[in-house]
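following is a predicted model, sequence given first.
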Amino acid sequence: MTSKSTWLLFLLFLILCLIPTITLAERLDSPNNEPSIKHATDRSTEILNIVDDLWRGQSSYAKTTMQVKTQHYTRNMQMEGWSKGKEKTLFRILEPLREKGTITLKSGNHIYTYLPKTDRTIRLTSGMMMGSWMGSHITNDDLVKEARYAEDYDAKISFEGERNDQQVIEFTLTPKEDAAVVWGKILLTIEADGYNPIIEYYYDEDMQLARTFTFNQKKMLGGRLRPSVFRVIPADEPDEYTEFIYRELQFDIDISDRIFSKSSLKKR
């Protein structure tokens, strides 16, 4: 939820969707394949920028429910969050009561946690970054990383057409050499009309499936129709999941930088 929105590009892509397409293999077989390859690359970049910005803006405010199911416990948490630019994010727990007021602050590459019961603010060390965030299947490191599909991955349209009675576009994303990402490959499937994500597979550096994201229940959020529920499923524990349900989402609102300071955590 943290970079420039691209609403003006939306109309452009509705036009692009009306342009007849051919497969990448057909482009490579054409006598003038260089312009065709460039067009494919430009189209992929523009579509992926729209997908990247579905939950992002210059600033944002959201209310969400996080549901966690593991072999040992289930959790249901209500929270609200603010973001500004690419470097500032703050989450505050609203429910359950025993964790109410707990705050996670991301400022640049640092993460702080405020614990109201002990009135302490803890800065997470590098050794804690791969730990679970709030008992979920999201890590602390996930909160810091701000990878973008179009900037950090080389994209190839690996499928375009009808699948499960729906017109879709599937991207195969492989990390660029200088990209600070941990994944060996991502397979992303989106709707051909509207570019909402449907399902996303993350593979580790050994090309083994690590986790799956699913996106469901579209509704009006932040001025457009988008998925309101996304679920994270770890590959090694397919019966477990973490699910985020968006109840409210606003973009490009006036937010003071003061709320993202370490000193302000105790005041919230």
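Everything's here; your move.

in this protein, where's the longest strand?
strand 209-221 (DSSP state E).

the stretch 101-250 of the chain: helices as residue ranges?
140-144, 149-152 (DSSP state H, counting those that start in this stretch).

export those helices as JSON lines, with columns for mean pLDDT.
What follows is those, written out as JSON lines (pLDDT from 0 to 100):
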{"stretch": "helix 140-144", "mean pLDDT": "72"}
{"stretch": "helix 149-152", "mean pLDDT": "90"}
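
tabulate those (CSV), appending mean neighbour count and distance to residue 206.
Every C-beta, even on glycine, is put in place using the N, C-alpha and C of the backbone. Formatted as CSV, the helices of the stretch 101-250 of the chain follow (neighbours: other C-beta atoms under 10 Å; distance: least, C-beta to C-beta, whole Å):
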stretch, mean neighbour count, distance to residue 206
helix 140-144, 16, 19
helix 149-152, 17, 19
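
residue 266: which of those helices is closest?
helix 140-144 (20.6 Å; C-beta to C-beta).

what's the closest one in contact with?
89, 104, 106, 109, 111, 124, 128-133, 182 (C-beta atoms under 8 Å, 6 or more residues apart in numbering).

and what of stretch 161-177?
Under C-beta under 8 Å, 6+ apart, the answer for stretch 161-177 is 44, 47-48, 149, 152-160, 181, 183-193, 195, 198.

where does residue 147 land on pLDDT?
Looking at residue 147, its pLDDT stands at 79.

count of residues packed around it?
17 (other C-beta atoms under 10 Å).

give me the mean pLDDT for stretch 61-76.
Stretch 61-76 comes out at a mean pLDDT of 95.

show residues contacting it.
1, 55, 77-82, 95-96, 134-137, 237, 239-250, 253, 255.

how far out from the middle of the chain is that stretch?
How far stretch 61-76 lies from its chain's middle: 17 Å, per C-alpha atoms, centre = their mean, to the nearest Å.

in the protein, where is pLDDT below threshold?
Counting by pLDDT under 70, the ranges of the chain that qualify are 1-39, 144, 267-268.

my guess is residue 79 contacts residue 89, does it?
No - in this structure residue 79 lies outside contact range of residue 89 using C-beta atoms under 8 Å: 11.9 Å.

dump the contacts of helix 140-144 to a markdown table, plus distance to residue 72 and neighbour count.
Conversion of the contacts of helix 140-144 to a markdown table gives the following (distance: C-beta to C-beta, whole Å; neighbours: other C-beta atoms under 10 Å):
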| residue | distance to residue 72 | neighbour count |
| --- | --- | --- |
| 89 | 28 | 22 |
| 104 | 22 | 21 |
| 106 | 27 | 21 |
| 109 | 31 | 10 |
| 111 | 25 | 21 |
| 124 | 23 | 19 |
| 128 | 21 | 14 |
| 129 | 23 | 17 |
| 130 | 19 | 11 |
| 131 | 16 | 11 |
| 132 | 12 | 13 |
| 133 | 17 | 20 |
| 182 | 26 | 16 |
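
and the two most separated of these?
104 and 182 (20.5 Å).

for residue 51, grab phi and psi.
phi -60, psi -40 (degrees, to the nearest 10).

what's the neighbour count on it?
Residue 51, neighbours per other C-beta under 10 Å, totals 20.

just to revisit the earlier point, filter the contacts of stretch 61-76 down to the buried ones.
1, 55, 77-79, 81-82, 134-137, 240-246, 249, 255 (16 or more other C-beta atoms under 10 Å).

out of those residues, list just those in strands.
77, 78, 79, 81, 82, 241, 242, 243, 244, 245, 246, 249.
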